[in-house]
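A.B. asks: Next one to model:
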Amino acid sequence: MKRETRGLLLIAVAAALVGTVAAFIVEGPGPLLRTEAGQRAFNAVIQRDAPEGLAIARRGQPMPIPKVWTLAGERIDLPVPKRRPLLINVWATWCGPCIKEMPELAEFARAQGQDGVQVIGLALDDAAAVAAWLERLPSPYPHVRDDAGPRDAGVVLGNPAGVLPYTILVDADGIVRKQQVGPFQSTAQIAQWSITGKN
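C.D. replies: Purely as a prediction, here's the structure:
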């Protein structure tokens, strides 16, 4: 009886493993990336290749402030609001998943008003392309930009691999609370994710 139970358990584990691999092949890593554990693991992997000597954002630590460009061409420190949580969404005009999630981010930003989470878009893209895109689709939240490269503002925000979209959540005290690789699926998902519990 004990041997039969062990055999059944091995068959069940093997079936679960086959199902997980099949889901990964068919659906990609999406389901895994939609979990907090999956995001933590993925962030640990992409942060291993951070450029030497460059401070990058890490969960539970103060966010380093990268240099960015305004859309008017001025070089500034990333604007960080005081006493408000901050959601920074790193995107590009050529990134399909980035564009797909923008209406959800816009709806979330509108719902936050003046006292909720501040949303900022950070485009790793050409200035003319960003300006043209935002002219066609005006945004309710501010945008800045940087030139993509091995030490760009997205890297400083914790994404050395350059995977887009990438979003970081900073609490009102400037501490990095969450990092998300990949797009959000809904405004409700963004709202749930942006709860800044001190974990």
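A.B. asks: burial of residue 99, as a residue count?
C.D. replies: For residue 99, the tally of surrounding residues (other CB atoms under 10 Å) stands at 16. Glycine gets a C-beta too; all of them are placed from N, C-alpha and C.
A.B. asks: quick one, phi/psi of it?
C.D. replies: With angles defined as degrees, to the nearest 10, residue 99 sits at phi -70, psi -40.
A.B. asks: That one: what's it in contact with?
C.D. replies: Residue 99 makes contacts with 91, 93, as judged by CB atoms under 8 Å, 6 or more residues apart in numbering.
A.B. asks: ok, it to residue 192 distance?
C.D. replies: Residue 99 sits 22 Å away from residue 192, taking CB to CB, to the nearest Å as the criterion.
A.B. asks: Who does the spatially most central residue of the chain form a beta bridge with?
C.D. replies: When CA atoms, centre = their mean is applied to the chain, the residue found nearest the centroid is residue 167 (2.2 Å). On the basis of DSSP bridges, residue 167 is bridged to residue 89, residue 180.
A.B. asks: residues contacting it?
C.D. replies: 87, 88, 89, 90, 179, 180, 184.
A.B. asks: Surely the third one and residue 118 touch.
C.D. replies: Same thing as residue 89. No. With contacts counted by CB atoms under 8 Å, residue 89 stays clear of residue 118, the gap being 11.4 Å.
A.B. asks: So, low pLDDT: which residues of this protein?
C.D. replies: Scanning the chain with the threshold set as pLDDT under 70 gives 1-51, 196-199.
A.B. asks: let's see 80
C.D. replies: Within the chain, the stretches with pLDDT under 80 are 1-51, 53, 196-199.
A.B. asks: Residue 89 and residue 118: which has the busier surroundings?
C.D. replies: residue 89 (26 against 20).
A.B. asks: for that one, what are its contacts?
C.D. replies: Neighbours of residue 89 in contact, by CB under 8 Å, 6+ apart: 98, 101, 105, 119, 120, 121, 122, 165, 166, 167.
A.B. asks: Domains in the protein, by residue range?
C.D. replies: Listed by automatic domain parsing, the domain ranges of the chain are 1-33, 36-193.
A.B. asks: got a markdown table for the contacts of residue 167, with distance to residue 135 too?
C.D. replies: Shown next, in a markdown table, are the contacts of residue 167 (distance: CB to CB, whole Å):
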| residue | distance to residue 135 |
| --- | --- |
| 87 | 23 |
| 88 | 22 |
| 89 | 19 |
| 90 | 20 |
| 179 | 30 |
| 180 | 27 |
| 184 | 24 |
